[in-house]
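Student: What shape does this take:
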Amino acid sequence: MGSSASLKALRDRPYELLAELERRGRSATASPETPGAAGAEWVGVAVRMAGELYLVAREEAREVLGVPAPLTRVPGARGWVLGLANIRGQLYPIIDLRAFLGGGASPLTRLTRILVVNHRDVPAGLVVDEVLGFRRFSEGAFNVDVPTTIVQCRQYLAGSFRHEQEQLPVLSLRKLLEDPAFTAASA
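Tutor: Numbers count the residues shown, from 1 in each chain. From the prediction side, this is the model:
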């Protein structure tokens, strides 16, 4: 109760309030008892595509969005390029990931999401059937073997993690975006 009371005292002084919130945030993330602080934990985003679950490394995903309504078509682009979207003032090509990988077009439902890729050279938003949130694994549970998947994406898989009775493949967005087949989006 004491910490919220001190924040209330700063209510009319926005600069000091922000500084105090930043100080608290930094001290919370610098705490040595944080589970991932020792580097023994891998965190990824679980996505569903063509009925299968895939993992994407947290640092490769910038954010998750709903499908933006106004997509601007790109003349002469391949069928898997759905168009361009203005996301907070930056243009992103919106790519149907499943269609790019040869798994057919992704149906747009209320669960369909755009996974905005965190890549310094290639901005892109990837359409996936569903985003299921973060998944945490111990780094020791990583396996370099990749399971067989319905969508033919073996060249973009970086390994897998075991969850209960299934192997969850890790989809490397870096490999995907740096593939010449991906960057050749004109028909």
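
Student: only C-alpha atoms for contact and neighbour calcs from this point on.
Tutor: Noted.

Student: who are the neighbours in contact with the residue in the chain sticking out farthest from the centre?
Tutor: Distance to the chain centre peaks in the chain at residue 9, reaching 38.1 Å (criterion: Cα atoms, centre = their mean). Residue 9 makes contact with no residue, according to Cα atoms under 8 Å, 6 or more residues apart in numbering.

Student: any idea how far residue 185 is from it?
Tutor: Residue 9 is 55 Å from residue 185, where distance means Cα to Cα, to the nearest Å.

Student: Check residue 19 too.
Tutor: Applying Cα to Cα, the value for residue 19 to residue 185 is 45 Å.

Student: So what's the residue count around the residue nearest to residue 60 when sequence neighbours are not counted?
Tutor: Once flanking residues are discounted, residue 60 sits nearest to residue 118: 4.9 Å by Cα to Cα, 6 or more residues apart in numbering. Using other Cα atoms under 10 Å, residue 118 has 18 neighbouring residues.

Student: Tell me if I'm right that residue 118 and residue 64 touch.
Tutor: No: Residue 118 lies out of contact with residue 64 (Cα atoms under 8 Å); the separation is 11.1 Å.

Student: Contact partners for the spatially most central residue of the chain?
Tutor: By Cα atoms, centre = their mean, the chain has its centre lying nearest to residue 61, at 3.1 Å. Residue 61 is in contact with 45, 115, 116, 117, 118, counting by Cα under 8 Å, 6+ apart.

Student: mind listing which of those residues are in helices?
Tutor: Among the contacts of residue 61, no member falls in helices (DSSP state H).

Student: Now, of those, which are buried?
Tutor: Applying a neighbour-count criterion of 16 or more other Cα atoms under 10 Å, the buried members of the contacts of residue 61 are 45, 115, 116, 117, 118.

Student: I'm done for today, thanks for sticking with me.
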